[in-house]
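*Asks:* here you go, sequence then predicted model.
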Amino acid sequence: RRGKCGNSTNILTICLAINYGARADILQAAQKLAQAIASGEISPNDLAAMDESEISKRLCTAHIPDPDLIIRTSGETRLSNFLLWD
């Protein structure tokens, strides 16, 4: 059920990261970037001018906003291998 606050621009996004590994996600994004270069979609000459957005848009989390709050229900305080890029 979706409700509205007084301001319609307030949106809450809840993301459950089940079986997610950031290292694998970053590796997959790098592989996608390499494929784009190999296929000619991106010129190797453009590599020096690239910024982090080229990796960000190839992550599986590209469609969700960066987190403002992360809750670990297990009581752990470390975030190893969890949203390393975000």
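*Replies:* Received it, and whenever you're ready, just let me know what you need.
*Asks:* what's residue 43 in contact with, if anything?
*Replies:* residue 37 (Cβ atoms under 8 Å, 6 or more residues apart in numbering). Yep, even glycine has a C-beta here, placed from its N, CA and C like the rest.
*Asks:* change it to 10 Å
*Replies:* Each residue near residue 43 by Cβ atoms under 10 Å, 6 or more residues apart in numbering is listed here: 37, 49.
*Asks:* can you check the one 10 residues further on too?
*Replies:* Shown here is residue 53, whose contacts under the criterion Cβ under 10 Å, 6+ apart are residue 62.
*Asks:* could you rerun that using 8 Å?
*Replies:* For residue 53, the contact set (Cβ under 8 Å, 6+ apart) is empty.
*Asks:* and for residue 36?
*Replies:* residue 42.
*Asks:* where's it, which helix or strand?
*Replies:* helix 22-38 (DSSP states H and E).
*Asks:* may I see the buried residues of that helix?
*Replies:* 22, 25, 29, 33 (16 or more other Cβ atoms under 10 Å).
*Asks:* now swap in stretch 50-64 and tell me
*Replies:* 54-55, 58-59, 61.
*Asks:* pLDDT score assigned to residue 40?
*Replies:* What the model reports for residue 40 is a pLDDT of 92.
*Asks:* do the same with residue 5
*Replies:* 56.
*Asks:* residues contacting the most centrally placed residue in the chain?
*Replies:* Closest to where the C-alpha atoms of the chain average out (Cα atoms, centre = their mean) is residue 61, at 3.2 Å. Contacts for residue 61 (Cβ under 8 Å, 6+ apart) come out as 15, 25, 83, 85-86.
*Asks:* swap in 10 Å and give it another go.
*Replies:* Residue 61 touches 15, 17, 20, 22, 25, 29, 67, 83, 85-86, counting by Cβ under 10 Å, 6+ apart.
*Asks:* thanks a lot, see you next time.
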